[in-house]
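Novice: no sequence on this one, just coordinates:
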């Protein structure tokens, strides 16, 4: 990054400059969060013949964005982002607890926590922001779990990535992970995956716009069928994915 960019964000070791490349980096599939190991219950849905192609998959993803990822995960992210920007560690801990408790399926909850902790660990390697350091301290001291949406909100605040863009990262990552899982299951082809992601963009934008103004007390989700299948997935003899 250029000198002028670095100066805009503060000088010294670990200073973070506002840059689109930061958003691209943490949203890239190469970034080692481990989210690719989850299918959100899709593996069992495919095995049972409930979701067998691109059309059904697109409808499932839209429902999950509308009834879970947007209204729960993105709301938690947006509130964690604001709390981190105001250096309110107590509020981050409360948001972390609320988000983690909303993950009622143990395997899904554990996967979200592992991914969030890994995200913070990796971002801390190249960003020395004190807000991120404090959140990692909360995780180390068991005062926070490190659940992924909250971790992403804190990391995006630390990297000076805008709140709306942070929500887009979360939503796009969800759609891409579902498409990736479907590809590995042999459910769809690559061109179908890209078409599906593109067609989901309006739902992603709507969810992002809605979530960034909501208080954490307004966080909710209602996807009982998907959650029941995630629970059943954990009891299967052989699984390709964690959930």
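Specialist: Cool, got the structure. The shown structure was predicted, so the numbers you read here are calculated from the model rather than taken from an experiment. Numbers count the residues shown, from 1 in each chain.

Novice: Spatially central residue for this protein, please.
Specialist: residue 170 (4.2 Å; C-alpha atoms, centre = their mean).

Novice: quick one: what helix or strand has it in it?
Specialist: helix 163-185 (DSSP states H and E).

Novice: follow-up on the earlier one: just to check, the residue nearest to the centre of the chain is in contact with residue 76?
Specialist: No: using C-beta atoms under 8 Å as the test, residue 170 is too far from residue 76 to be in contact (9.5 Å). (Glycine included, C-beta is placed from N, CA and C.)

Novice: Helices of the protein, residue ranges please.
Specialist: Along the chain, the segments classed as helices by DSSP state H run 3-9, 20-27, 42-47, 54-64, 75-85, 89-102, 106-124, 130-140, 148-158, 163-185, 190-199, 201-211, 224-234.

Novice: would you list these in a markdown table and tack on mean pLDDT and distance to residue 218?
Specialist: Listed next are the helices of the chain as a markdown table, based on pLDDT from 0 to 100; distance: least, C-beta to C-beta, whole Å:
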| stretch | mean pLDDT | distance to residue 218 |
| --- | --- | --- |
| helix 3-9 | 38 | 32 |
| helix 20-27 | 91 | 25 |
| helix 42-47 | 84 | 28 |
| helix 54-64 | 94 | 18 |
| helix 75-85 | 97 | 6 |
| helix 89-102 | 96 | 11 |
| helix 106-124 | 93 | 20 |
| helix 130-140 | 97 | 23 |
| helix 148-158 | 97 | 15 |
| helix 163-185 | 94 | 15 |
| helix 190-199 | 97 | 27 |
| helix 201-211 | 95 | 9 |
| helix 224-234 | 71 | 20 |
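
Novice: between residue 170 and residue 76, what contacts are shared?
Specialist: residue 149 (C-beta atoms under 8 Å, 6 or more residues apart in numbering).
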